[in-house]
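S.K.: below is the structure, and that's it, no one-letter string:
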């Protein structure tokens, strides 16, 4: 299998890097995600042009348990792709992916505001103003 590079799925999501954490919002599902620490580093490397091999190798180099780090970094990339937050694109990106440290990367998913995030403020505005959810 050839290693791929990644890109954000811009049509359905947006993200911000706030104080070292990534907050990503999926407008289609209404879910939003928090990635901190190593998970945020993996996100940044993926969207900056590092390929899968470079990311998992960088994670392994920063960990005392290289095999576990490779597995966990690959698992997070697979999860981000499965959630449609990033997409695998063409051939391997050539940008190195150094990590200062490595900890098990975690992604937190929140759906408490899904109904509001999914509102279409352009088409669901009534005479009352801002979109109101029909109950």
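M.R.: Done, it's in. Small disclaimer: the values here were computed from a predicted structure and weren't measured. Residues are numbered from 1 along each chain as shown.

S.K.: quick one, helices of this protein?
M.R.: For the chain, applying DSSP state H gives helices covering 38-47, 52-61, 66-82, 114-117.

S.K.: so which elements touch the third one?
M.R.: Contact here means 3 or more CB pairs under 8 Å, 6 or more residues apart in numbering; DSSP states H and E; on that basis helix 66-82 packs against strand 4-8, helix 38-47, helix 52-61, strand 86-91, strand 107-110. All C-beta spots, glycine's among them, are computed from the backbone N, C-alpha and C.

S.K.: need the winner for burial among these.
M.R.: helix 38-47 (a mean of 23; mean count of other CB atoms under 10 Å).

S.K.: parallel or antiparallel, which strands does the lowest-mean-pLDDT helix or strand in the chain pair with?
M.R.: The helix or strand of the chain with the poorest confidence is strand 4-8; it has a mean of 78 (mean pLDDT, DSSP states H and E). Using DSSP bridges, the strands paired with strand 4-8 are strand 86-91 (antiparallel).

S.K.: how far off centre is the partner strand?
M.R.: Offset of strand 86-91 from its chain centre (CA atoms, centre = their mean, to the nearest Å): 13 Å.

S.K.: just stretch 84-92 next, same as before
M.R.: So, by CA atoms, centre = their mean, the centroid of stretch 84-92 is 11 Å from its chain's centroid.

S.K.: thank you kindly, that will do.
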